[in-house]
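# Provide a 3D model corresponding to the input given below.
(chains A and B)
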Amino acid sequence: MSVALKPVGWNRNKLVYDAVLIIGAAVYILAFLNLAPMLSEGAAKVDAPIQRMRAFGSLAFLMLTLVLAIGPLARLDTRFLPLLYNRRHFGVITALVATTHAVAVLDWYYAFSPTPQLLALFTANTSFDRIAGFPFEILGVAALLVLAVLAATSHDFWLSFLTPPVWKALHMSVYGAYGAVVLHVALGPMAGGRDPVLSALVAASVATLATLHLVTGRRERAADAAASPPAAEDGWIDVGDVSEIAEARAIVGAAPGGERIAVFRTKDRLVAISNVCSHQNGPIGEGKVVRGFITCPWHGYQYRPEDGCSPPPFRERIHRYPLRLNGSRVEVATTPVPLGTRLESFRIPGATAPASPVPRTDPPGPRAAAPGPADDKVAS
Amino acid sequence: MSLKPADPGFFVGYFKKVPPAVRTFSLALAAALVAALGGAALALAVSPEHPGSGAYVNDLGDGSLTGILETSPYPLLRVPAADGRPARAVMLAGPSKIGVGQAAAGLDGATVDAGGVFVRRGDLDMLLVGGPVGLRASTAGMSLPAPAGPEPLGRWRITGEICDGKCAAGAMKPGTGLAHKACANLCITGGVPPVFVTTAPVEGAGFLLLADADGGPLPARHLHRTGERIAVEGVVERRDDLLILKVEVVLP
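Have a look, this model is predicted:
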């Protein structure tokens, strides 16, 4: 988490994740450069350096599309959550592939000239006032710079150093990079309609990402807008029935301002805690209590139920909220206690057995989760 | 419709134990990803337009061509008819993205020897001067007939693409199009003769050497239009087998 940082914290799952990415990239490059020329005379006739720049460029575009799809896919279907955990490595590999593409371009289109390559990159085409013929390479350079910055700052050291809001804002620039890449391709290799599959790929990428983000955003906005009903007393909300909460899981309510509050059940006690992880704003209410710690589903950041603090040596803290039962209804105060304040969890009167799992429902209703395996082991 | 499946079990990447449902789904996803990437690679690799059949051709070996050098609009070697082959005007360029303007300086109108290799696609070819001979005043002491004067072919409006004659002839495959625009500009500013590759034959030719309206080199302002399909107007003339288009107007 925020201390004892290592350059890369490897574990078996990360190794498998990275291995799949590298194998996928290798299959792509081998198929593009070695198999396609055996199947197509046209592909065989293309200069090898141009074929290389096409291979690495199109792979970088595909990988960037996949990186950007992981977030909304994980929000829409929790089966994609394992992709989210190591998404930074996906991004770093994408930046490396894009760099290989750029080097291939420089070493061919901008080589063999008295003008130095980098100078030629910015001076050979200056038709900035035209759409057809616009120096699309500059857009690729801009995107590559963004990807490089994001790759360089992907480690949690930078998250801690820059603070999560700044880091998150910085890394949202990946969408700018994607836009620049789309224009880079549209104004360059796609222009003139000489490559129908590339045109179809770019259109499919833009349509897929737009749809995924719109659907996800609509669901999130609906959840934000649908405040939980107020309780009888001012400053409290009714987040649901205690029977809806499975052992070690949570339901999520929303205060009138849209602030989401997760209510976890752990060993017949209830804990109300902010739904927003201090790491990357992950939805803690969709997490689980693992070995006594409330655990975010995105990257596994953990918090103690009694005070919302990460266990030492970590220093993350999130808000806790007062909670009470009105019959079987769970009511939560909309004003949190100060960060780090110890607040005894609420014991459920007469409860001795875990609640039955309740299927999840779509927003704007409360969300509950079924229990997972009870024997997860935390490796960190 | 909800996209949320039944809860497959809680899993975070640092857990040692992977729930069976998560493992199964992740493995299926990994296999699908690798297969999709392989398929996408093949589709994308074979999709682009065929780059043409241009290639380097070493017709001369270590030998040379002898002819009269003309330097306007770009260095041309006027080779007289011989052995049943009609007279021809051979465009000259250097071995990289440079022309032979420096080597040709002072040789305008002289009999010269030119060695090197050709790059050729269809009727478009260019001699890339180099090798042991390079470009030099002829040492053979031959007296060649004066080349025929330019034959005016009238004013034309032609559709096609401005590119450098070297890449268009096959030095790069593909050597045309907007993706190649910066490279074409580097070549043309370096002195490589620019050509207009036409969408339909003009007087039997698929390309024309480009010149300014006054017969000089192509003005730099036209570099803004390289690589795109455009229409140009100007006067066409023939020198031996080579058509030259003196550009007056590039249509918007």
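# quick one: the strands in the chain?
If you meant another chain, say so; for now it's chain A. Ranges of strands within chain A are A:236-241, A:250-254, A:260-266, A:269-274, A:288-290, A:293-295, A:302-303, A:320-321, A:323-326, A:329-333, A:346-347, based on DSSP state E.
# The chain in question should be chain B.
B:55-57, B:65-70, B:76-79, B:88-93, B:111-114, B:116-121, B:124-129, B:135-137, B:151-164, B:194-202, B:205-212, B:229-239, B:242-250.
# Identify whichever of those lies nearest to chain A.
strand B:229-239 (7.1 Å; C-beta to the nearest C-beta). (C-beta placed from N, C-alpha, C; glycine too.)
# List the neighbouring strands of that closest one plus their orientation.
Using DSSP bridges, the strands paired with strand B:229-239 are strand B:151-164 (antiparallel), strand B:242-250 (antiparallel).
# In that strand, which residues are buried?
Residues B:230, B:232, B:234, B:235, B:236, B:237, B:238, B:239 are the ones in strand B:229-239 that count as buried (16 or more other C-beta atoms under 10 Å in any protein chain shown).
# where exactly do the helices run in the stretch 1-150 of chain B?
In the stretch 1-150 of chain B, the helices defined using DSSP state H, counting those that start in this stretch lie at B:20-46, B:101-104.
# now the longest one: mean pLDDT?
Right, helix B:20-46. Per-residue pLDDT values over helix B:20-46 give a mean of 96.
# now check that helix, is it near chain A?
Yes: part of helix B:20-46 sits near chain A under the criterion C-beta under 8 Å from any C-beta of the partner chain, namely B:21-22, B:25-26, B:29-30, B:33-34, B:37-38, B:40-46.
# who's in contact with residue B:207?
Going by C-beta atoms under 8 Å, 6 or more residues apart in numbering or on different chains, residue B:207 touches B:123, B:124, B:160, B:165, B:168, B:195, B:196, B:197, B:198, B:243.
# among these, who's most crowded?
residue B:195 (32 neighbours; other C-beta atoms under 10 Å in any protein chain shown).
# if we can go back for a sec, quick one: the strands paired with strand B:229-239 as TSV, columns for mean pLDDT too.
Listed next are these as TSV, based on pLDDT from 0 to 100:
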stretch	mean pLDDT
strand B:151-164	97
strand B:242-250	97
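# Packed most tightly, which of these would that be?
strand B:242-250 (a mean of 20; mean count of other C-beta atoms under 10 Å in any protein chain shown).
# JSON lines for the helices of the stretch 1-150 of chain B, including distance to residue A:201 and mean neighbour count?
Below are the helices of the stretch 1-150 of chain B laid out as JSON lines (distance: least, C-beta to C-beta, whole Å; neighbours: other C-beta atoms under 10 Å in any protein chain shown):
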{"stretch": "helix B:20-46", "distance to residue A:201": "7", "mean neighbour count": "17"}
{"stretch": "helix B:101-104", "distance to residue A:201": "43", "mean neighbour count": "18"}
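# Which among those helices is found nearest to residue B:131?
Closest to residue B:131 of the helices of the stretch 1-150 of chain B is helix B:101-104 (C-beta to C-beta; 12.9 Å).
# Quick check: mean pLDDT of the closest one?
Mean predicted lDDT for helix B:101-104 stands at 95.
# low pLDDT regions in the chain?
You didn't pick a chain, so chain A it is. Judged by pLDDT under 70, chain A has its weakly predicted residues at A:1-8, A:351-380.
# actually chain B
Applying pLDDT under 70 to chain B picks out residues B:1-8.
# where along the stretch 1-150 of chain A do the helices fall?
Using DSSP H, counting those that start in this stretch, the helices of the stretch 1-150 of chain A run over A:12-30, A:36-39, A:41-45, A:48-76, A:81-85, A:87-106, A:117-123, A:136-152.
# and these as CSV, adding mean neighbour count and distance to chain B?
Shown next, in CSV, are these (neighbours: other C-beta atoms under 10 Å in any protein chain shown; distance: least, C-beta to the nearest C-beta, whole Å):
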stretch, mean neighbour count, distance to chain B
helix A:12-30, 17, 4
helix A:36-39, 16, 3
helix A:41-45, 17, 4
helix A:48-76, 22, 4
helix A:81-85, 23, 3
helix A:87-106, 20, 9
helix A:117-123, 16, 6
helix A:136-152, 20, 6
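# Indicate which one of those helices is closest to residue B:217.
helix A:117-123 (18.9 Å).
# could you say what helices and strands the closest one packs with?
helix A:87-106, helix A:136-152, helix B:181-189 (3 or more C-beta pairs under 8 Å, 6 or more residues apart in numbering or on different chains; DSSP states H and E).
# Now for the nearest residue to residue B:223 once chain neighbours are set aside: which residues touch it?
The shortest distance from residue B:223 to any non-neighbouring residue, by C-beta to C-beta, 6 or more residues apart in numbering or on different chains, is to residue B:185 (4.9 Å). By C-beta under 8 Å, 6+ apart, the contact set of residue B:185 is A:124, A:125, B:223, B:226.
# Which two of these have the greatest separation?
Pairwise distances across the contacts of residue B:185 (C-beta to C-beta) peak at 10.0 Å, for the pair A:124 and B:226.
# Which of these two has more residues huddled nearby?
Legend: neighbour count by other C-beta under 10 Å for residue A:124 and residue B:226, higher for residue B:226 (27 against 24).
# beta partners for that one?
As for beta bridges, residue B:226 partners with residue B:162 under DSSP bridges.
# Report the central residue of chain A.
Chain A has residue A:71 as the residue nearest its centroid, 4.0 Å off, counting by C-alpha atoms, centre = their mean.
# Now do the same contact list for it.
Taking C-beta under 8 Å, 6+ apart as the test, what residue A:71 contacts is A:84, A:87, A:216.
# what's near enough to touch the residue nearest to the first one when sequence neighbours are not counted?
When the adjacent residues along the chain are set aside, residue A:84 lies closest to residue A:74, with 4.7 Å between them (C-beta to C-beta, 6+ apart). Remark: with contacts taken as C-beta under 8 Å, 6+ apart, residue A:74 is in contact with A:80, A:81, A:83, A:84, A:298.
# just these now: which is nearest residue A:198?
Distances from residue A:198 to the contacts of residue A:74, taken by C-beta to C-beta, are shortest for residue A:83, at 25.3 Å.
# Pretty sure that closest one sits against residue A:73.
Yes: using C-beta atoms under 8 Å as the test, residue A:83 is close enough to residue A:73 to be in contact (7.3 Å).
# Let me see the domain layout of the chain.
No chain was given, so I picked chain A. Listed domain ranges for chain A are A:12-224, A:236-347 (source: automatic domain parsing).
# was after chain B, sorry
B:55-137, B:151-250.
# contacting residues around residue A:292?
A:266, A:304, A:305.
# Next, count neighbours for the residue lying closest to residue A:333 once chain neighbours are set aside.
Distances taken as C-beta to C-beta, 6+ apart place residue A:322 nearest to residue A:333, at 4.1 Å, with adjacent residues excluded. Here the number of neighbours of residue A:322 (other C-beta under 10 Å) works out to 16.
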